[in-house]
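Participant: Sequence below, structure please.
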Amino acid sequence: MLKGKIEKLKTNIIRFAGLVDNMLRDTEKCAYNRDHVIANNIITNLEQLSNRIEVENETLFIEFLALFQPEATDLRTVVSLLKINNNLERIADHCVNIAQRISVYTSINSFKNLKNMFNIVQKMFKDTFSAFTSNDTSNLKTIINQDKFVDKELKELTDEVINTMDSYHSMSSNAISALLIGRDLERIADLTVNICEDIIYMTKGDVIKHNLYIPSESNL
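Facilitator: Numbers count the residues shown, from 1 in each chain. Next up, the predicted model:
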């Protein structure tokens, strides 16, 4: 019974991740096409849906802890799922931020680093939940290392924006918007890294946050 309940909690997280994955793809579409219909759906409908799912999941996790009082591995799993749930909602919020920006610029197509960031971030997210679904942590540290490429692209984008604003004042709104979107994407990458770390902790008991490695007692 206990294992079945935990599997249901995991299924809820997978469904939530599917919604957020769709939001990420729609966010890129609306950002590059300045599609107000897609943007409005993200802002009005999908955000409310993600907020509701996050609260419903959180309620289930807390009820589970209260009713079953799990120990050891089961407790670690539920706590990790609770944190992943919160990070998914925060990623959804950053998608909303990007969708809200499309009305203040004319085009971001010239900023190639931004396109690279969209590609890396979406792949990081997709690969993370592929690992979660298959219960395979072997590639998670590789995914975590992708974050440094997102940071690199953001730095280059920042330099390009500064140069653009110095040279072409008429493009400043596009440049600033590109930079703000880049910062949202960088935060999505960071939150995806958090999820990878939580999956590793949930699966193996190893703590790898803040450049630390604290193995589980079973690995000592």
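
Participant: looking at the chain, which helix or strand is least sure?
Facilitator: helix 147-167 (a mean of 90; mean pLDDT, DSSP states H and E).

Participant: got any ranges where the chain has weak pLDDT?
Facilitator: 1, 166-171, 208-220 (pLDDT under 70).

Participant: Name the nearest residue to His94, sequence neighbours excluded.
Facilitator: Asp184 (4.4 Å; C-beta to C-beta, 6 or more residues apart in numbering). C-beta here means a position set from N, CA and C on the backbone, and glycine is covered the same way.

Participant: Thought Asn97 was touching that neighbour, still the case?
Facilitator: Yes. The criterion here is C-beta atoms under 8 Å, and Asp184 meets it with Asn97 at 5.0 Å.

Participant: More neighbours: those two, which one.
Facilitator: Asp184 (22 against 18; other C-beta atoms under 10 Å).

Participant: What helix or strand is that one located in?
Facilitator: helix 172-204 (DSSP states H and E).

Participant: Can you list the buried residues in that helix?
Facilitator: 174-204 (16 or more other C-beta atoms under 10 Å).

Participant: Just want the angle from it to helix 147-167.
Facilitator: 170 degrees (axes from the mean of the first three to the mean of the last three C-alpha atoms, to 10 degrees).

Participant: Confirm for me that Ser50 is in contact with Asn87.
Facilitator: No. If you go by C-beta under 8 Å, Ser50 and Asn87 don't touch, sitting 11.7 Å apart.

Participant: Between the two, point out the one with more neighbours.
Facilitator: Higher neighbour count among Ser50 and Asn87: Ser50, with 23 against 20, using other C-beta under 10 Å.

Participant: Could you measure from that one over to Ile42?
Facilitator: 10 Å (C-beta to C-beta, to the nearest Å).

Participant: Residues that sit against both of those two, list them.
Facilitator: Counting by C-beta atoms under 8 Å, 6 or more residues apart in numbering, the shared contacts of Ser50 and Ile42 are Met23.

Participant: tell me the contacts of the nearest residue in space to Ile62 that is not next to it in sequence?
Facilitator: In space, and not counting its chain neighbours, Ile62 is closest to Leu82: 8.0 Å by C-beta to C-beta, 6+ apart. Taking C-beta under 8 Å, 6+ apart, we find Leu82 in contact with 57-58, 61-62.

Participant: Which phi and psi values does Leu82 adopt?
Facilitator: phi -60, psi -40 (degrees, to the nearest 10).

Participant: Quick check: it vs Lys141, distance?
Facilitator: 23 Å.

Participant: All the helices of this protein, in order from the start?
Facilitator: 2-33, 36-40, 47-68, 72-100, 112-134, 140-145, 147-167, 172-204 (DSSP state H).

Participant: Centre of the chain to the second one, how far?
Facilitator: Taking the mean of its C-alpha atoms, helix 36-40 sits 20 Å from the chain's own mean (C-alpha atoms, centre = their mean, to the nearest Å).
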